[in-house]
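[1] with the input below, show me the fold.
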Amino acid sequence: MLALAAVAVVALVALVSAAGIGGGGGPDIASQAGAPSPQDELDYAPERQAAFEESAIAGLSHVVYANAPGGAQATAERVARFRDQIEAATAGTDRDPNLVEALVYLESAGRPEVIAGRDPELASGLTQIVASTGISLLDMRIDLDRSRKLTVQARRALRRGDTAEVEKLLAERARVDERFDVDKALAATVDYLETSQQRFGAEDLAVVSYHMGIGNLENVIAGFTGSEGRAEDLVAAEDLSYAELYFDSSLVEHPQAWELLAAFGDESSEYYWKLLASEEIMRLHREDPAQLRELERLHAEKATAEEVFHPRGETESFADPGELENAWRDADIVPLPQGEELGYVLDPGMGELAPAVDAEPGLYRGLRPETLETLFLIAAWVRELNGGGALTVTSTVRDREYQGALGKQNSEATTEYSLHTTGWSFDVLREYESDSQAGSFQFVLDRLQALGIIDYAVEPSAIHVTVADRPQPPS
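    Residues are numbered from 1 along each chain as shown. Predicted coordinates:
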């Protein structure tokens, strides 16, 4: 993989004074310090498995918080109601009740009547079992025709406000469709995980298969190892973990496995990390509810985890051009070098509203050194994967006065608090030189997000990227 050579960042900071405040992008460090070069800092290594898993939990937890019906706390409270039944279902097995509890959080958010759509043929119940899987693999009693009729009748009764009739109909449905019976759904889920454990010989892979499917995961393992044979034998021979399957597959390393993982439209490749994030939410619910409330609040502030990275009130935000000039002088903000050899170019319109706040455009063409390091990494990595080309950076640091002026004329910009006013964010134009460049960029964004180094939001015209404080690879 790629990482910015450390010497480049050191040289960049040292050369800020030579560039001047907002000095039109500063010196071309590509020739002075060397362009970003291939390194192995982000490569997966078995001895760093725990660190990679922790990074993935942090990097992919935002969607778990954001999608929780009623919020993470409310969802955790619903799920916690089933803890005794979960422990009963896992008793006498090797299944971890915390992981099964997390599965309930992620699959149904603790709602035993939920269906993934309108038809009970789809994933249904507390653990979201598909009818065909329940019948053919788990030997569950599922009278699908009767379940469908009772579901329609219950919806009609609900519209009439007849709650007693709704409860009666749902109780009957749970008798004819065991996926809606909490105890039987949990027992079936444990059975599935037990079967999958025997098939793969590893708990993490057993859990991954719950969403991905046993056959699909077997194909990924075969693609990764380049071998045929029983999945259990391949896993044992390679001592495979899901962390290795995921982080050691890419567009260039084990590409067949990555193509399979990337092709799943239901986010199966990220399921395990989101499950572990759900497990952490349930732990906080039991042990540190105040921290859970705070994380829920921070995740709700933006469409990404950017305020988890940089909480408002704890992060320096530049109020006006004067404060931003001081940040340049202190090298808290440094200029963006220019040149396609770095993998990016600057939009000529960057900073165009500077006259509205009595400032120079160059003041708005800089980033914090750590953010610039990550921009280098992204641009160079995309360039290498794509075999050339350059992304277009459209926006970097701002101050709050500039942000207010921008928000008045650009519907994509907020007049409220923006991470752009901290120097931790930049935007990249959503116009690419080729499909290959777009695909390469998407891969790099997703990989760095999974490593907890960035989070990003897709806006109508740009990708908004926020870099974590002191970003670094797992160690």
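
[2] can I assume Val176 is in contact with Ser147?
    Yes - the pair Val176 / Ser147 is scored as a contact, 5.9 Å apart, by CB atoms under 8 Å. Just so you know, the C-beta spots here come from the backbone N, C-alpha and C atoms, and that holds for glycine as well.

[3] more neighbours: these two, which one.
    A direct count of neighbours by other CB atoms under 10 Å for Val176 and Ser147 places Ser147 higher, at 24 against 17.

[4] can you list the domains in this protein?
    Here the domain parsing of the chain from automatic domain parsing is 2-41+305-467, 62-110+187-303.

[5] which of those sits closest to Leu137?
    Leu137 lies closest, by CB to CB, to one member of the domains of the chain: domain 62-110+187-303, at 7.0 Å.

[6] now Tyr344: closest residue in space that isn't a chain neighbour?
    In space, and not counting its chain neighbours, Tyr344 is closest to Ala379: 4.1 Å by CB to CB, 6 or more residues apart in numbering.

[7] now swap in Val252 and tell me
    In space, Val252 is closest to Leu385, 7.0 Å off (CB to CB, 6+ apart).

[8] by contact count, what packs against the helix or strand hosting that neighbour?
    When elements are assigned from DSSP states H and E, Leu385 belongs to helix 369-386. Applying 3 or more CB pairs under 8 Å, 6 or more residues apart in numbering; DSSP states H and E, we find helix 369-386 packed against strand 2-3, helix 6-14, strand 391-395, strand 425-429, helix 435-450, strand 462-467.

[9] can you put these in a markdown table and add mean neighbour count?
    Shown next, in a markdown table, are those (neighbours: other CB atoms under 10 Å):
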| stretch | mean neighbour count |
| --- | --- |
| strand 2-3 | 22 |
| helix 6-14 | 16 |
| strand 391-395 | 23 |
| strand 425-429 | 24 |
| helix 435-450 | 19 |
| strand 462-467 | 23 |
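
[10] which one of the ones you listed lies nearest to Glu301?
    strand 462-467 (11.8 Å).

[11] sheet partners, orientation included, of that closest one?
    Sheet pairing for strand 462-467, assigned by DSSP bridges, gives strand 425-429 (antiparallel), strand 454-458 (antiparallel).

[12] to Glu87, which of the ones you listed lies closest?
    Among the strands paired with strand 462-467, strand 454-458 comes nearest to Glu87, with 34.8 Å by CB to CB.

[13] for Pro460, what are its contacts?
    By CB atoms under 8 Å, 6 or more residues apart in numbering, the residues touching Pro460 are 412, 430.

[14] okay if I get the helices and strands packed on helix 369-386 as a markdown table plus mean pLDDT?
    Shown next, in a markdown table, are the helices and strands packed on helix 369-386 (pLDDT from 0 to 100):
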| stretch | mean pLDDT |
| --- | --- |
| strand 2-3 | 35 |
| helix 6-14 | 32 |
| strand 391-395 | 97 |
| strand 425-429 | 98 |
| helix 435-450 | 96 |
| strand 462-467 | 97 |
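
[15] neighbours of the residue nearest to Tyr344, how many?
    Neighbour count for Ala379, taken as other CB under 10 Å: 26.

[16] just the pLDDT for it.
    With respect to pLDDT, Ala379 scores 95.
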